Structure formats: structure tokens, C-alpha cells
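Undergrad: Sequence and predicted structure below; questions after.
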Amino acid sequence: MYWQSIICFFAITITAGSSVDLLVRDWKVDGLEKLFVRFGAGLAVVPVMAVVFNLLQIPLDYRVFLVVGLMILIGAILKNRQSLSARDQSINTSIANSWRKKSFWYAIVVLILFAVTLAMYLQGAFAYSYFEDTDPWGYAAVVDYIGENKTFTAPYYSVQYSEPYTQGYQIVMGVLSQTNDSVYWTLKFFTALIISFGVPLMYYLARLLSRDEDIA
């Protein structure tokens, strides 16, 4: 059941993040960077989509996000189908020679750092079965409400992290909580995962800003 949640998380974020492909022309970066950028963009896009859905009274159901994300992905593929077909002709050559590039080995180092960071956070989060004091319990209450009712609009002011408090994090966790039977696991695992993704995302941001992978 937890694997279903992880697959759903990446399916929603990466398909929603394919909106980058609709906006950027001639995106000439390696496939791994594109994957991470799509994930990061999707993580930002999902709460915005949810606010629009909520205004239109569309349920904040994970299946709705999957369908809309799939539509975005199909649109991106159709928009870039000519460049994709041209790229397919040289894909085998680029894969075969990728290990020769310095950027390939830097990416390996970044992935190792990501894995180590994730393992560290997960070990700490699951060292005991409870949340820390105060804040996580308030977030858990709102996450559970969103997961059950498929909306973040509450009929009364329940806890300090409900509307009108910013609902981005709560929306993501609430939608994911629909795919398993544990709010505890959802908050602990996906918080650790999202924080750990800061490693590769920061690397690619630094590389973009500095235009130097050594500095990044």
C-alpha cells in the first residue's frame, strides 16, 4: 500500500511538472536534470492546481490530479513531438558516451548525497512512532481533514493550520493520505523525501545560476 503512495506521488508531481515542457523551448539539458526539474516544478504546481480545483468545487482527489497531470503530459509530448523524434536518432550514442562526461559523475555524487540524506531523515523520523510536539499534530489534523473531505475549506476554524493558513504542504500530504491508511507514515516519509530532494534541486539551481558545474 505504501508503494502505491510513492508511485502516486511521483506520477502526480512529474506529470504536473511537465508543464515546464509547455513553456520552455529548446530545453537542452540531460535527461536526469529534466526529471528533477519536472518533479520540483510539479511539487509547486500541485498546490496551485488544488486551489483552483477548490474554487471550482472539484474534489481534491488524487485521481483528479493524476488525470489532469496526464493531460498536461500528453500536451507536452504533442508540443515537442518533432524534437523528440529528432532526439531519438542520437539517444543511443549519447547514453553510451554519457559516462565519459564530468557532469555524469557529478550527478552520481549528487544522487549518493540524496540517498544518504534521505536515509538519515527516515531513520530519525521512524525511530519512534509519535510526532514531535505541537506543529506536526496541527498539520496532521488538517491533512486528515483534506484527505477525508477532499477540500481544504473547513466549516469552522479547527486548528491554526487550517484555512486561511497557507495550504500548500497540507494539500500535498492530504491528497497522498488518500492512498494509504496512515497519516503518520504519510507525513513522516514524504516530509523526509521532499526535504532530501533539496540536494539535487539545489545542485541544478546552482549550476544554472553559476553556469559552472564545478562550482555547483
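TA: Arrived safely.
Undergrad: The residue lying closest to L32 once chain neighbours are set aside - how many residues pack around it?
TA: Nearest residue to L32 in three dimensions, chain neighbours excluded: A107, at 5.5 Å (Cβ to Cβ, 6 or more residues apart in numbering). The C-beta positions use only the backbone N, C-alpha and C, and glycine is treated the same way. Look at A107: counted by other Cβ atoms under 10 Å, it has 20 neighbours.
Undergrad: tell me which residues of the strand or helix carrying A107 are tucked away?
TA: Assigned by DSSP states H and E, A107 belongs to helix 102-125. Neighbour-count burial for helix 102-125 flags A107, V110, F114, T117, L118, Y121, L122, A125 (criterion: 16 or more other Cβ atoms under 10 Å).
Undergrad: ditto for stretch 138-156
TA: Buried residues in stretch 138-156, counting neighbours by 16+ other Cβ under 10 Å, are found at 138-147, 150-152.
Undergrad: Give me the spatial nearest neighbour of V46, chain neighbours excluded.
TA: Nearest one to V46, counting by Cβ to Cβ, 6+ apart, is A16 at 5.5 Å.
Undergrad: hang on, that neighbour packs against A50?
TA: No - counting by Cβ atoms under 8 Å, A16 does not reach A50; the two are 10.5 Å apart.
Undergrad: so what sits against both of these two?
TA: Counting by Cβ atoms under 8 Å, 6 or more residues apart in numbering, the residues touching both A16 and A50 are F65.
Undergrad: Could you tell me which ranges of this structure sit under the pLDDT cut-off?
TA: Applying pLDDT under 70 to the chain flags the ranges 1, 82-100, 157-158.
Undergrad: what's in contact with stretch 66-80?
TA: Outside stretch 66-80, the residues touching it (Cβ under 8 Å, 6+ apart) are 8, 11-12, 14-16, 18-19, 21-22, 42, 49, 84.
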